[in-house]
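1. Let's see this in three dimensions:
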Amino acid sequence: MDRRVVHGTCPHDCYDTCGLTVTAENGRIVRVDGDADHPITRGFLCFKVNRYLDRLYHSERITVPLKRSGPKGSGQFQPVSWNDALQEVGSALRRIVAESGGQAVLPYSFAGNMGILSGSSMDARFFHAIGASELERTICTASTGAALRWVYGSQLGPDPETIPAARLILLWGTNPMATNVHQIPLLDRAREQGADIWCIDPLRTATVERYGQHLALRPGSDYALALGLAAAIIAQGQHRPDFLERYVTGFDEFEQVAQAWTRERTLAATGLDGGEFDRLVEQLAAVRPILFRTGYGSQRQHDAAKTVWAISCLSLLVGSPQDVGGGHLASNGDAFGLNWDGLTRPDLRTSPVRSVNMLKLGEALLTLDDPPIRALIVYNSNPAATAPEQDSVLKGLARRDLLTIVHEQMMTDTARWADWVFPAAMSLETLDLHTSYWHRYVQLSMPAAEPLGHSVSNPEFFRRLAGAMGWHDPAFTASDEDLIRTALESDAAWMQGITWDALQQQPVQKVRLDPAVRPFIDTGIPRPDGRFNMAPLPVPIAPKDLSPLEPDEFHLLSPSRRETIKSSFGNVASVVKEGRPELLMHPDDIARLALTAGAWVIVYNRYGETRMQLKASRVPQPGTVVSYAVRWNIAAGGSNVNQLTSSTLADYGGGATFYSARARVRPGV
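-> Numbering: from 1, shown residues only. This is a model prediction of the structure:
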């Protein structure tokens, strides 16, 4: 028997970036286990990845190139050879570029595969060389990143391995039981050692059930709560003036904004109980170390960056960065100093190009001109299901004159609209390099078996596409090993010694930053004046998300859940066991509207409507409904919750406003 055991890495868009031990026998992967030696993920996997073989060898895997044979959106295709497909696609792309210029081509990708090579390497080189329109990839974390850079100068937070040292932990807009399961043992250890853990969330999540202390604020009022807490702490003289004087600029401007948020105004805006509010103020003033652990749920709203700015300033107000175990942990994405320019080769672009925000895909496909988008190349994403204002996205994909090329593993909603679908390998079949936006480990992921059928990795797909364009420069023929070596050619002090050869010997390597090193306090603050910036963002300070609901209107939230990662795993029956899209509604609201749990309902607003099955639940509070993101459209007759979400951009950073949606509900058929 030919048996192979390699280190792999979960590629999905998740904080944990789990280390895997992957076993193959006779060229077929037979086991996927957690890597017991990984210091963070420690040998156990989430609900989804424990069933990864069901996805890897799913009956719907695409294994050959497919050419559309029926109407767009019909899902009707015929198999073709790679040579024939590349000849036709290459000819079509060359014609479009010759007639309309490279900007008539738009890439669309996000985090369906978080590998460094899979996410931004040969693909970036290809689009730079073609002169394609540049995609602003803002759908998930853009507002948080912009606010963190405004306050701190970079996206760096405490090492997760120091979480047990904290004595007060605020889980703000995050549900780690579903989306960051390897944080749970660290939180449990902190609690065992005396930490108080508060969950600040509009929903009664599984994390709330585990830790108990719940501030069930009104959706969209996070900004008000952060400023109200800050105002109370300043009014009581419980802030840290010595810390602020030494490390901070802009405190006076912050204080002027915060002082408008009196206790009464804050309670009215958030809907919180005054006793809970007062108790948290007391703890913020008295306890150290304090960890502010914000998730991305707190920023998918109109007031996104202002919210992250206000929470960041609150953390500075109480001096949280000065303690090991304290600080503000939103992202560690800037802990890795990879050689991005060498990897992506922006020098291949010969002239400036226009930018297209990915949240505006429908608008771009329907209205852009000079030139219009004539070719769309989609990979690592499923925008027909995941992009907002879904109706306009689907109308754009239906354009008969749009060449849509999709590199994909399954026949997703987007693939069904394609002219060409090319088979994509899965991460366990490819070589890649991985970092995390939560922990600080670099991992080399080795292929355990050859890609299924004729599928290929993302870098190989773009190597072949470059060849079809007639490009044979070494920039487009570099191997995956070459790309990894280039990415690791870094002058960053924290990356020293993390090389291709070192990763061959030990595929899990931590950046050279000791957990006891306090971010910014010990490493320096990477802002021009070397100080934290509490000055308000250059946007209106008035909140946009606090307007009252209209009669029979609901806040509509579409958070992540443990069973899927957005649309990934959406067709894996062992993971998504309920086949119908659900709308969770509080029993009081069901009774008030004379609806019936279990019945079909129509959820609608000015952007569109979709059908869901109503479920009574105390996860949402009255006035809020929940539809977990995101079902494939085919499960509900061609649409999902993103019929109801807006492409309106957040206040700063160009981020998404999914959680600012409002909708009404009526009986369905």
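2. for the protein, longest helix please?
-> Longest helix of the chain, by residue count under DSSP state H: helix 82-100.
3. which of the residues in that one are buried?
-> By neighbour count on 16 or more other C-beta atoms under 10 Å, the buried set for helix 82-100 is 85-86, 88-90, 92-93, 96-97, 100. C-beta here means a position set from N, CA and C on the backbone, and glycine is covered the same way.
4. for the stretch 351-500 of the chain, what spans make up the strands?
-> 355-357, 375-379, 403-408, 420-423, 432-434, 441-445 (DSSP state E, counting those that start in this stretch).
5. Could you say which of those strands is packed most deeply?
-> Highest mean neighbour count of these: strand 432-434, a mean of 27 (counted as mean count of other C-beta atoms under 10 Å).
6. tell me, what residue is most central in the chain?
-> residue 140 (4.3 Å; C-alpha atoms, centre = their mean).
7. Now do that residue against residue 499, distance only.
-> Using C-beta to C-beta, to the nearest Å, we find residue 140 at a distance of 30 Å from residue 499.
8. Which residues are in contact with residue 612?
-> 580-583, 600-601, 603, 627, 636, 641, 668 (C-beta atoms under 8 Å, 6 or more residues apart in numbering).
9. Adding neighbour count, pLDDT and distance to residue 119, write the residues you listed out as JSON lines.
-> Output for the contacts of residue 612, formatted as JSON lines (neighbours: other C-beta atoms under 10 Å; pLDDT from 0 to 100; distance: C-beta to C-beta, whole Å):
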{"residue": "580", "neighbour count": "12", "pLDDT": "85", "distance to residue 119": "32"}
{"residue": "581", "neighbour count": "23", "pLDDT": "92", "distance to residue 119": "28"}
{"residue": "582", "neighbour count": "15", "pLDDT": "95", "distance to residue 119": "31"}
{"residue": "583", "neighbour count": "27", "pLDDT": "97", "distance to residue 119": "33"}
{"residue": "600", "neighbour count": "16", "pLDDT": "96", "distance to residue 119": "38"}
{"residue": "601", "neighbour count": "22", "pLDDT": "97", "distance to residue 119": "38"}
{"residue": "603", "neighbour count": "26", "pLDDT": "98", "distance to residue 119": "33"}
{"residue": "627", "neighbour count": "24", "pLDDT": "97", "distance to residue 119": "28"}
{"residue": "636", "neighbour count": "19", "pLDDT": "78", "distance to residue 119": "30"}
{"residue": "641", "neighbour count": "27", "pLDDT": "96", "distance to residue 119": "25"}
{"residue": "668", "neighbour count": "17", "pLDDT": "90", "distance to residue 119": "39"}
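10. Narrow those residues to those in strands?
-> Using DSSP state E, 582-583, 600-601, 603 are the members of those that sit in strands.
11. wait, which of those is closest to residue 557?
-> residue 583 (10.9 Å; C-beta to C-beta).
12. quick one: residue 438 and residue 160 touch, right?
-> Yes - with contact defined as C-beta atoms under 8 Å, residue 438 counts as touching residue 160 (6.1 Å).
13. intersection of neighbour lists for the two?
-> In contact with both residue 438 and residue 160: 183, 329, 332, using C-beta under 8 Å, 6+ apart.
14. Return the member of those nearest to residue 204.
-> Distances from residue 204 to those, taken by C-beta to C-beta, are shortest for residue 183, at 18.9 Å.
15. can you pull the pLDDT of that closest one?
-> If you check residue 183, the pLDDT there is 98.
16. Run a quick neighbour tally on the nearest residue to it once chain neighbours are set aside.
-> In space, and not counting its chain neighbours, residue 183 is closest to residue 176: 4.4 Å by C-beta to C-beta, 6 or more residues apart in numbering. The number of residues packed near residue 176 is 24, by other C-beta atoms under 10 Å.
17. Domains in the chain, by residue range?
-> According to automatic domain parsing, the chain comprises the domains 3-56, 66-139+338-439+452-490, 143-330+516-531, 554-667.
18. want to throw these into a markdown table with distance to residue 505?
-> What follows is the domains of the chain, written out as a markdown table (distance: least, C-beta to C-beta, whole Å):
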| stretch | distance to residue 505 |
| --- | --- |
| domain 3-56 | 11 |
| domain 66-139+338-439+452-490 | 14 |
| domain 143-330+516-531 | 23 |
| domain 554-667 | 31 |
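19. of all those, which lies closest to residue 541?
-> Comparing the domains of the chain by C-beta to C-beta, domain 143-330+516-531 comes nearest, at 5.4 Å.
20. got the end-to-end distance for that closest one?
-> Start-to-end span of domain 143-330+516-531 (C-alpha to C-alpha, to the nearest Å) is 21 Å.
21. now that domain, how far from the centre of its chain.
-> 20 Å (C-alpha atoms, centre = their mean, to the nearest Å).
22. tell me the contacts of residue 471?
-> residue 129.
23. And the pLDDT for it?
-> pLDDT, residue 471: 97.
24. Distance of it relative to residue 404?
-> Applying C-beta to C-beta, the value for residue 471 to residue 404 is 22 Å.
25. which stretches of the stretch 51-200 of the chain have low pLDDT?
-> Within the stretch 51-200 of the chain, no stretch falls below the threshold (pLDDT under 70).
26. all strands of it, in order?
-> Using DSSP E, counting those that start in this stretch, strands in the stretch 51-200 of the chain cover 66-68, 77-79, 105-108, 134-136, 168-172, 196-200.
27. Run through the neighbouring helices and strands of the next helix or strand after the last one.
-> As assigned by DSSP states H and E, the chain's next helix or strand after strand 196-200 is helix 206-211. Applying 3 or more C-beta pairs under 8 Å, 6 or more residues apart in numbering; DSSP states H and E, one finds that helix 206-211 makes contact with helix 176-179, helix 184-192, strand 196-200.
28. cutoff 10 Å now
-> Contacts defined by 3 or more C-beta pairs under 10 Å, 6 or more residues apart in numbering; DSSP states H and E place helix 206-211 against strand 168-172, helix 176-179, helix 184-192, strand 196-200, strand 213-215.
29. so which of the contacts of residue 612 comes closest to residue 123?
-> residue 641 (28.6 Å).
30. you'd agree the closest one is up against residue 603?
-> Yes - with contact defined as C-beta atoms under 10 Å, residue 641 reaches residue 603; the gap is 7.6 Å.
31. picking up where we left off before, and the helices and strands packed on helix 206-211: which comes nearest residue 319?
-> Comparing the helices and strands packed on helix 206-211 by C-beta to C-beta, strand 168-172 comes nearest, at 12.5 Å.
32. Can I get the closest one in CSV, CA atoms only?
-> What follows is strand 168-172, C-alpha atoms only, in CSV (Å, rounded to 0.1, in the frame of the first residue of the first chain):
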residue,chain,number,x,y,z
LEU,A,168,-11.9,40.9,32.0
ILE,A,169,-12.8,39.9,28.5
LEU,A,170,-15.3,41.7,26.2
LEU,A,171,-16.4,39.4,23.3
TRP,A,172,-17.8,42.2,21.2
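33. List the strands paired with it, with their directions.
-> Using DSSP bridges, the strands paired with strand 168-172 are strand 196-200 (parallel), strand 290-294 (parallel).
34. Give me the buried stretch members for stretch 235-242, please.
-> 239-240.
35. which residues touch residue 574?
-> 47-48, 50-51, 53-55, 563 (C-beta atoms under 10 Å, 6 or more residues apart in numbering).
36. Widest-spaced pair of those?
-> Longest span within those, C-beta to C-beta: 53 and 563, 16.4 Å.
37. These two: who's more crowded?
-> residue 563 (19 against 16).
38. Under a three-state scheme, what state does the more buried one occupy?
-> coil (DSSP: H, G, I helix; E, B strand; the rest coil).
39. Thought residue 628 was touching it, still the case?
-> Yes - look at residue 563 against residue 628 with C-beta under 10 Å: they come within range, at 7.9 Å.
40. All good on my end, thank you.
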